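Colleague: Build me a model from this:
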Amino acid sequence: MPNLRIGIVGLGVMGTAHFGVYATMPSIARVTALADIDPAKRRGDWSAIGGNITTGGQITDLSGIHVYADYRDLIHSSDVDVVDVTLPTYLHKECVVAALAAGKHVICEKPMAMTASDANAMADAARRFGKMLFVAQCIRFWPSYALAATIIRDRRYGTLRSARFQRLSALPTWSWDQWLMDDTRSGRAALDFHIHDADFVMYAFGKPTAVSSYGFRNADGGYDHIVTRYRYDDGRLIFTEGAWGHAPGYPFSMTFTLQFEQGTLVLGADGLLVYYPGAGGREVLPVPEGSGYDHELRHFLECISSGKESTIISPESAATSVALIEAEIRSAKTGVEVAFLR
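Modeller: Here you go, the predicted structure:
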């Protein structure tokens, strides 16, 4: 596998997290360029970065790495093969399309875009310019979720009867310029946070025929708490809940409970994946090491190196997840079930 040269655009929580992942795979990739508007971050001072994952908080040696204030300089660099876009969501489309037009392969953080229309335009640009585009919907790659998807599909514990996915956090007041607190720039919890589980539902179960959603709207119109039921023709009971409006200090958690014919599979807040057979007892299932970030970035780089499209996520499926969130928001606003016909 060739050693791909990576340029990261945006040094916030996810940009620095991706930087750390690339550092663990020196035989596959190396970061050759960084771009950010903050001069402190360009100097390697990442001490002010915070979030719901472990990242930032340190001084980083950027010797030998080209550093730019303007992402346009990075995407036109001859020392970059792959552009990794970890900017705020409202900036994704412009940067991604420009990088594709510049002849670069692109990795883009989730959510893919603020609207399904913009996301579809990004997918169209990848086809038009003949370059690969990957959207970092990391839960598809998170070891416990990836194993659960396999168990669902191969009916290891019989037919799935019901599922509940829950994602909870304190209010993310740590973002640059408070962009996460602005519905017009982030989509707030419904788009930025809850899309993890909505995307996984579609990945594991296929497209629902309709959604029924309920939520809490803020003064700016955005949702910081949303609950959704996904309707499937076979009658499976599938729910998600996403909320980031909890008090400061409230611990982040992502959990699920899957009820099968033969038993119950649970991902607890402790991170353990546990199966409870119908006959009684408890079995902790082994899962591969690493986070979804590790597994997704390695997968994307392998696809780029081999020239093969991903079998796990396509730009079109990531765009469909944005459309699914739009349907959920319409349902929450109107109080009625919304058909999902994509």
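Colleague: Who are the contact partners of the residue nearest to the spatial centre of the chain?
Modeller: In the chain, the centroid-proximal residue (CA atoms, centre = their mean) is Gln137; its distance is 3.2 Å. Counting by CB atoms under 8 Å, 6 or more residues apart in numbering, Gln137 touches Lys110, Ile195, His196, Asp199, Phe200, Tyr203, Glu296, Ile313, Ala318, Ser321. For every residue, glycine as well, the C-beta is placed using N, CA and C.
Colleague: can you check Gly7 too?
Modeller: For Gly7, counting by CB under 8 Å, 6+ apart, the contacting residues are 31-35, 74-75, 77, 80, 82-84, 104.
Colleague: element containing it?
Modeller: In the assignment (DSSP states H and E), Gly7 maps to strand 4-9.
Colleague: Could you figure out how far the next helix or strand along the chain from that strand is turned away from strand 4-9?
Modeller: Using DSSP H and E, the helix or strand that follows strand 4-9 in sequence is helix 13-23. Using axes from the mean of the first three to the mean of the last three CA atoms, to 10 degrees, the inter-axis angle of helix 13-23 relative to strand 4-9 is 160 degrees.
Colleague: next helix or strand past helix 13-23?
Modeller: Next element after helix 13-23 (DSSP H and E): strand 29-35.
Colleague: Just give the strands next to that next one in its sheet, each with its orientation.
Modeller: Applying DSSP bridges, strand 29-35 is found paired with strand 4-9 (parallel), strand 66-68 (parallel).
Colleague: Name the residues of the longest one that are buried.
Modeller: Translated: strand 4-9. Within strand 4-9, the residues that qualify as buried are Leu4, Arg5, Ile6, Gly7, Ile8, Val9, counting by 16 or more other CB atoms under 10 Å.
Colleague: which one is Gly51 nearest to, not counting chain neighbours?
Modeller: Val13 (3.6 Å; CB to CB, 6 or more residues apart in numbering).
Colleague: same deal with His196?
Modeller: Closest to His196 by CB to CB, 6+ apart is Ile139, at 4.7 Å.
Colleague: isn't there a helix covering that neighbour?
Modeller: Yes. Remark: Ile139 belongs to a helix, assigned using DSSP: H, G, I helix; E, B strand; the rest coil.
Colleague: what's the distance between it and Ile312?
Modeller: From Ile139 over to Ile312 the distance is 11 Å, taken as CB to CB, to the nearest Å.
Colleague: more neighbours, the two?
Modeller: Ile139 (24 against 18; other CB atoms under 10 Å).
Colleague: in the stretch 51-200 of the chain, which ranges drop under the pLDDT threshold?
Modeller: Applying pLDDT under 70 to the stretch 51-200 of the chain flags residues 52-57.
Colleague: so where do the helices sit in it?
Modeller: Per DSSP state H, counting those that start in this stretch, the stretch 51-200 of the chain carries helices over the ranges 71-75, 92-101, 116-129, 143-154, 183-186, 188, 195-205.
Colleague: Now tabulate the ones you listed in JSON lines and tack on mean neighbour count and distance to Ile59.
Modeller: Formatted as JSON lines, the helices of the stretch 51-200 of the chain follow (neighbours: other CB atoms under 10 Å; distance: least, CB to CB, whole Å):
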{"stretch": "helix 71-75", "mean neighbour count": "21", "distance to Ile59": "22"}
{"stretch": "helix 92-101", "mean neighbour count": "22", "distance to Ile59": "27"}
{"stretch": "helix 116-129", "mean neighbour count": "18", "distance to Ile59": "34"}
{"stretch": "helix 143-154", "mean neighbour count": "18", "distance to Ile59": "31"}
{"stretch": "helix 183-186", "mean neighbour count": "19", "distance to Ile59": "28"}
{"stretch": "helix 188", "mean neighbour count": "28", "distance to Ile59": "32"}
{"stretch": "helix 195-205", "mean neighbour count": "23", "distance to Ile59": "31"}
